[in-house]
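1. Turn this into a model:
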Amino acid sequence: MAFGLPQIRLPQFSKRTWLIIGGGAAALLLLIILIVSAIPKGKVAEKVALSVWMSTESLDQMTPVLQSFLAQNTSVEKINFKQIAADNYENELLNALAADKGPDIFVLPNDLLTRHLDKISPMPATLLTPDLFRSTFVPVAADDAIRKDTAGSEYIMGVPFNMDTLGLFYNTAMFSDANLEAPQTWDDFASAVAKLTNKQQDGSVVRVAGAALGGQSNVSFATDILYLLMLQNGTKMVSADKTSATFHLSEAGTGGNPVFPGTDALSFYTGFAIPGSTINVSGKQTDIYTWNNTLPSSFQALSRRKAAMIFGYASNIEDLSKLSGIKLGVAPVPQPAPELVGTTLQEKTVNYAQYQIMTVSRKSSSTDAAWELINYLTSKDAQKMINASTKRLSARLDLIEEQSKISLYGTFVSEFSTAQNWYKKDPAKMDKIFEQAIDAVVLFGQSPQNALESAAQSANKILGEQ
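-> The predicted structure follows:
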């Protein structure tokens with residue numbers, strides 16, 4: 001008997017049957033190929049190069065944080081950084097954008113953002129929502145950077161790269177000699193000015209100024225000081241639709257009597273540069289004339305002991321700290337004295353902000369990657385790294401407490417939560433208009449109200465431009 005596998009008898013098919021089976025198999029194979037080809041295939045992420053333009057930060061200062069980003073984001077191959085002098089930054093940026101040779105990322109002063117909204121690509125909400133923005137950064141940044149479309153939906157047009165506010169610098173030795181402390185209110189400030197000012201006996205020549213303010217040609221940040229006073233006094237600077245000036249208009253005061261908050265602010269400011277000016281402090285007329293065009297510029301006046309107080313920003317600390325023979329004191333800017341409303345003293349603190357906003361060009365071919373870089377550069381760890389090299393302060397709320405402990409700088413941090421700004425459309429032109437208003441009062445004897453009415457006419461031409 002033979003042993004082996006059992007033999008299988010295959011069925012016998014006709015030629016026609018085999019053709020049908022073969023055709024069906026071919027059709028099935030074709031269907032499989034089509035299905036497989038239709039399945040999306042994962043693409044290898046294409047690496048991009050980003051360009052960043054800034055005016056105040058240098059390559060040396062930014063290199064560590066940019067390298068840190070590249071190490072964590074392999075989709076970005078390189079970052080081309082360019083620093084441009086502040087005086088020419090805006091012109092060079094606009095020319096480059098017009099020629100399609102602009103950067104992916106650029107930085108603007110906060111009061112220039114609105115003017116260039118048409119050049120910006122909004123931030124994706126997947127990276128940062130408006131609500132998260134508000135809980136991350138100080139309030140003034142949200143006021144400037146978060147906008148609404150016609151349907152009322154909010155979107156983010158930039159992220160604060162740093163934050164700064166106007167503060168008061170003073171010579172501590174001069175204050176000690178006069179037995180004075182840093183003024184907290186403008187009444188305190190006026191009293192200190194009167195006590196610190198040293199004039200010739202007839203009052204015609206100022207030997208030492210109590211403070212550098214009142215004029216504009218030799219007062220650093222003259223218009224910013226005036227804007228601060230106007231905002232503190234409740235001045236509505238522009239109309240709700242931001243197309244016309246309102247800083248010269250009256251408002252209903254106590255008992256319905258009209259008041260001119262903008263005019264009162266200009267009158268107070270210029271009084272420090274007009275001989276014979278006095279204000280009522282605690283029922284006493286106080287001479288506040290302390291400044292004129294014969295004195296050196298603010299910073300030079302402080303360094304030469306020609307002025308006891310000047311106004312400036314935290315970004316000025318490093319230079320002012322180098323002044324020989326001056327022990328520098330820093331205080332928040334004075335505030336209006338609390339008002340008695342009924343039986344309650346009410347006070348409202350207002351400070352003045354100037355800072356930089358980082359944003360993305362709408363002409364960028366890598367907007368998502370650019371916003372990812374901005375999101376990283378404005379993160380807590382990156383901001384700490386940047387600020388350590390630039391000596392600038394962050395707008396992040398989670399860094400407020402830490403920054404408030406930094407000598408001198410902490411004073412400015414205390415002002416961040418109450419800082420404001422206002423819509424100027426073209427800051428350089430608007431500043432010029434207010435400089436002319438100051439000169440009109442101080443040099444040409446025009447009334448503050450007439451000076452502001454003329455300023456409003458000029459401002460309306462800027463605000464109404466398309």
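
2. can you map out the strands along the stretch 1-150 of the chain?
-> Taking DSSP state E, counting those that start in this stretch as the test, the strands found in the stretch 1-150 of the chain are 48-54, 76-83, 105-109, 146-148.

3. ugh, typo on my part, it should be the stretch 201-350 of the chain
-> For the stretch 201-350 of the chain, applying DSSP E, counting those that start in this stretch gives strands covering 206-208, 251-252, 258-259, 278-281, 284-287, 309-313, 328-332, 339-341, 344-346.

4. Would you mind telling me which of the ones you listed is nearest Y376?
-> For Y376, the closest of these is strand 309-313, at 26.1 Å, according to Cβ to Cβ. Every C-beta, even on glycine, is put in place using the N, C-alpha and C of the backbone.

5. quick one: that closest one to strand 328-332, angle?
-> Here strand 309-313 runs at an angle of 70 degrees relative to strand 328-332 (axes from the mean of the first three to the mean of the last three Cα atoms, to 10 degrees).

6. So which bits of stretch 172-192 are buried?
-> Buried residues in stretch 172-192, counting neighbours by 16 or more other Cβ atoms under 10 Å, are found at M174, F175, L180, A182, P183, W186, D187, D188, F189, A190, S191, A192.

7. So, low pLDDT: which residues of this protein?
-> Filtered on pLDDT under 70, the chain yields the residue ranges 1-45, 340-346, 466.

8. Pick out the residue nearest the middle of it.
-> The C-alpha lying nearest the average C-alpha coordinate of the chain belongs to Y355 (Cα atoms, centre = their mean; 2.7 Å).

9. for the strands of the stretch 201-350 of the chain, which one sits closest to A451?
-> If we rank the strands of the stretch 201-350 of the chain by Cβ to Cβ, the stretch that ends up nearest is strand 258-259, at 17.3 Å.

10. Sheet partners, orientation included, of that closest one?
-> Partners of strand 258-259 in the sheet, by DSSP bridges, are strand 251-252 (antiparallel).

11. Not counting its own residues, what contacts the strand it pairs with?
-> Strand 251-252 has contacts (Cβ atoms under 8 Å, 6 or more residues apart in numbering) with G234, K236, P258, V259, F260, P261.

12. So L323 versus R392, what's the distance?
-> Remark: distance between L323 and R392 (Cβ to Cβ, to the nearest Å) = 20 Å.

13. Who has more neighbours out of the two?
-> R392 (22 against 17; other Cβ atoms under 10 Å).

14. Just confirm that one contacts I386, I think it does.
-> Yes: using Cβ atoms under 8 Å, R392 is in contact with I386, at 7.4 Å.

15. which residue ranges form the helices in the stretch 201-350 of the chain?
-> Assigned helices in the stretch 201-350 of the chain, in chain order: 222-232, 261-271, 298-303, 317-320 (criterion: DSSP state H, counting those that start in this stretch).

16. Now tabulate these in a markdown table and tack on distance to D144.
-> Formatted as a markdown table, the helices of the stretch 201-350 of the chain follow (distance: least, Cβ to Cβ, whole Å):
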| stretch | distance to D144 |
| --- | --- |
| helix 222-232 | 15 |
| helix 261-271 | 22 |
| helix 298-303 | 27 |
| helix 317-320 | 24 |
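
17. Figure out which of these is closest to A141.
-> helix 222-232 (16.7 Å).

18. Quick check: buried residues in the closest one?
-> Of all the residues in helix 222-232, those buried under the rule 16+ other Cβ under 10 Å are A222, T223, D224, I225, L226, Y227, L228, L229, M230, L231, Q232.

19. From D143, how far off is the residue nearest to K242 when sequence neighbours are not counted?
-> Spatial nearest neighbour of K242, chain neighbours left out: Y423 (5.1 Å); criterion: Cβ to Cβ, 6 or more residues apart in numbering. Distance from Y423 to D143, counting by Cβ to Cβ: 10 Å.

20. One more: A370?
-> Separation of A370 from D143 (Cβ to Cβ): 24 Å.
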